[in-house]
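Pasting a predicted model and its sequence here:
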Amino acid sequence: MLTDLPNVLTLSRIAAIPLLVGLVALHDARADLAACLVFAAAAITDYFDGHLARTRRQTSDLGRMLDPIADKLLVGAALMMLAGEGRLSRFGLYPAVIIMLREILVSGLREYLAGIRVGLPVTRLAKWKTGFQMGALGTLLGGDGTARLIGLGFLPVSAIGEAMLGIAAALTLLTGWDYLTAGLHHAAAPPPPPPGRAGVPPATPQGS
């Protein structure tokens, strides 16, 4: 149900997106700090909603549908705001494109495989990718202005964030290739035999 705590946490990630977009659009160091904190809180719910769903035995089809959607909406909104507001250098723009394309690819694969009742499990490498990706986006949303605001102006925060985004993009290529080959393997597999009684071959048509 929507009122189950895991689903509420998932929906909170979607609800955080308008607030995140509005804060980034203000072009203020304090707003950037708030955007970083909002994104970090939303990213943390990605762990807790799954953990709570398993421990409370509140897993559901609704939750499995909403969770990846919320993740992709949050990441997509953050990337588009960073790119649109000129907060990414030319170096940082290419990893952003790779990450966006991978998200679309995996969404398409999951939709196809769901139609043939095949799951696409999350690998450990994909979890590392998510960690670097979320850390990079939170760092970039804060930016150098936030670093100066909290007395860390000597740190090249934006450069660190873009370096992390580059690592996330490299992991994105690896995990995207793994998912693509898994999808192609299932797509090329022969169709299952028609249902019938176990151990009884289908009847041969008369006259053949």
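Sure thing, it's come through.

quick one: the strands in this structure?
For the chain, no strands are identified by DSSP state E.

Tell me the helices and strands packed up against the lengthiest helix in the chain.
As assigned by DSSP state H, the longest helix anywhere in the chain is helix 157-188. Contacting helix 157-188 under the criterion 3 or more Cβ pairs under 8 Å, 6 or more residues apart in numbering; DSSP states H and E are the following elements: helix 90-115, helix 124-149. Just so you know, the C-beta spots here come from the backbone N, C-alpha and C atoms, and that holds for glycine as well.

got the buried residues for it?
157-158, 161-169, 171-172, 175-176, 179, 182-183 (16 or more other Cβ atoms under 10 Å).

before we move on, the earlier item: most neighbours per residue, which of the helices and strands packed on helix 157-188?
helix 124-149 (a mean of 20; mean count of other Cβ atoms under 10 Å).

Which strands and helices lie in contact with it?
helix 29-55, helix 61-84, helix 157-188.

could those helices go into JSON lines alongside distance to Leu20 and mean pLDDT?
Converted to JSON lines, those look like this (distance: least, Cβ to Cβ, whole Å; pLDDT from 0 to 100):
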{"stretch": "helix 29-55", "distance to Leu20": "5", "mean pLDDT": "87"}
{"stretch": "helix 61-84", "distance to Leu20": "6", "mean pLDDT": "88"}
{"stretch": "helix 157-188", "distance to Leu20": "16", "mean pLDDT": "86"}
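
Relative to Phe132, tell me which of those wins on proximity.
helix 157-188 (4.0 Å; Cβ to Cβ).
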